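>>> Give the three-dimensional model of this entry:
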Amino acid sequence: MKQNAEPKIVRWPSDQETAAAFEAYALAIGKVAHAWNYLHEKLGQLFVVLAGGERAVSLAIWYSTQNDRAQRNMLRAAVNGWNPSHWEELPKATADLEWLLDRADEVAEHRNNAVHAPCSLYVGGRKDGGSEMGAAFFSGNPRAKKLRGKRLLEEFEWCERYAETLSRFTGQLETAIAFSGTYPWPKRPSKPSRKTNDTPRQGDAKQP
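The predicted structure follows:
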């Protein structure tokens, strides 16, 4: 006769553990938001260099919309609007600027997932049996579904580093274009690698 399996005992986290998990999650989101905002400011500075003319006018055009994607579209239009003869001394400029904007669009998607996905506390979600915040995908939220099975702190840290990497490259491009012939053209950076750990066990959810 088959023995009945012993019931699995799940230790419900204390209020302190719940608060700690939520604070770590909130801090990680804040860092993603900060890194993204900084990247977009750097893209704005790059737009000023490409748009030419009065700096204050170029910035007024950049800030005429509050939509990040619309701003990046303006920057892309500025890249494509330059006469090819202007790039004779910078043959890699067009390709590298388009590459930067494509990567910024990619980071934007991850940033939006981080900021807009609903999340809950998962009991025993960590490898050591502790609890952690995870995407609340139960209702089918599209952003949360994209984060399903991912460790949010690691995912957000990767997104932060990716945005910072692009910010540095943006600054280097701005300098190389503004002072053409004085500063070397920068090399495209590599995409930051993700940490590899076991995925969380997203089973027992508790709202913090």
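
>>> State the number of residues packed around residue 26.
The number of residues packed near residue 26 is 13, by other Cβ atoms under 10 Å. C-beta coordinates here come from the backbone N, C-alpha and C atoms, glycine included.

>>> try residue 192
When neighbours are defined as other Cβ under 10 Å, residue 192 has 15 of them.

>>> Output the below-cut-off pLDDT ranges for the protein.
1-11, 124-129, 196-208 (pLDDT under 70).

>>> rerun that using 90 as the cut-off
Filtered on pLDDT under 90, the chain yields the residue ranges 1-19, 52-53, 81-90, 121-132, 138, 180-182, 194-208.

>>> Please, where are all the helices along it?
15-51, 55-62, 68-81, 93-116, 142-146, 152-178 (DSSP state H).

>>> closest to residue 133 out of these?
Closest approach to residue 133 among the helices of the chain is made by helix 15-51 (3.9 Å; Cβ to Cβ).

>>> Check which helices and strands the closest one is in contact with.
helix 55-62, helix 68-81, helix 93-116, strand 119-123, strand 132-135, helix 152-178 (3 or more Cβ pairs under 8 Å, 6 or more residues apart in numbering; DSSP states H and E).

>>> How far away from the center of its chain is it?
Relative to the centre of its chain, helix 15-51 is centred 8 Å away, using Cα atoms, centre = their mean, to the nearest Å.
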